[in-house]
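Participant: For reference, the sequence and a predicted model appear below.
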Amino acid sequence: MTYSFFATISRMKYIERWALMRNSRPENLSEHAMEVAMIAHALCTIGNVRYGRSLDADQAALIGIYHDASEIITGDMPTPVKYYSRQIREAYKEVEAAAESHLLERLPEDIRPVYEQIFRGTGTGDDAYMRRLVKAADKLSALIKCIEEEMAGNNEFRTARTSTEAAVERMAEELPEVRDFVSEFLPPYGSTLDELG
């Protein structure tokens with residue numbers, strides 16, 4: 001018997017993000033997932049090293065890789081639409097959960113629980129905190145996209161940058177890992193290769 005989970009996941013590269021915006025450079029879901037995984041791993045590492053936490057940074061990276069996998073089925077729902085009202089938010093969460101279940105059904109039963117843990121977790125203790133950091137990584141990735149677009153002369157992302165910066169600032173008030181990443185790693189984004197030196 002064959003299973004289509006990984007072949008389906010590989011289609012993330014065809015899902016364009018920021019569909020309602022004019023992009024100077026398109027971003028696909030695979031690129032975004034890699035960046036979220038990298039940042040989530042960094043946030044957990046900061047938490048473990050600086051704040052004495054016991055977070056599984058490798059698991060956070062895996063969660064980052066798969067965090068938007070449901071969009072292979074649903075497509076990328078633009079933020080203004082997704083958060084327009086509580087009813088739409090709740091309905092979209094149901095659609096996402098159904099899409100995730102559909103993806104997980106494409107795995108053999110013996111390894112499916114491993115991927116269910118990645119997709120859904122326990123929602124308690126260190127797992128819950130780690131998933132908050134993955135959400136923060138997702139928001140940081142969006143902010144980085146806004147910064148890069150503005151640096152490329154695209155003012156289309158100006159409003160998105162303002163609202164995303166505000167969301168990141170709120171997260172940084174509660175999550176010191178986010179505060180550290182913002183102050184130490186965010187400023188060089190948008191620099192040229194020569195400036196990164």
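Facilitator: Okay, I see it. Numbers count the residues shown, from 1 in each chain.
Participant: And the helices in this protein?
Facilitator: Applying DSSP state H to the chain gives helices spanning 5-9, 29-51, 57-66, 71-74, 79-82, 86-104, 112-120, 125-151, 158-174, 176-184, 193-196.
Participant: Of all those helices, which one is nearest residue 22?
Facilitator: Residue 22 lies closest, by C-beta to C-beta, to one member of those: helix 125-151, at 8.9 Å. (C-beta placed from N, C-alpha, C; glycine too.)
Participant: Quick one: mean pLDDT for that closest one?
Facilitator: What helix 125-151 shows for mean pLDDT is 95.
Participant: Okay, buried residues for that helix please.
Facilitator: 126-127, 129-150 (16 or more other C-beta atoms under 10 Å).
Participant: so where's this protein uncertain?
Facilitator: 77-83 (pLDDT under 70).
Participant: quick one: contacts for the most centrally placed residue in the chain?
Facilitator: For the chain, the residue nearest the mean C-alpha position is residue 138 (3.0 Å; C-alpha atoms, centre = their mean). Residues near residue 138 by C-beta atoms under 8 Å, 6 or more residues apart in numbering: 36, 64, 67-68.
Participant: Identify the farthest-apart pair in those residues.
Facilitator: 64 and 68 (9.3 Å).
Participant: what's the burial count for residue 152?
Facilitator: Applying other C-beta atoms under 10 Å, we find 12 residues neighbouring residue 152.
Participant: Over to it: give its phi and psi.
Facilitator: Per-residue torsions, residue 152: phi -90, psi 10 (degrees, to the nearest 10).
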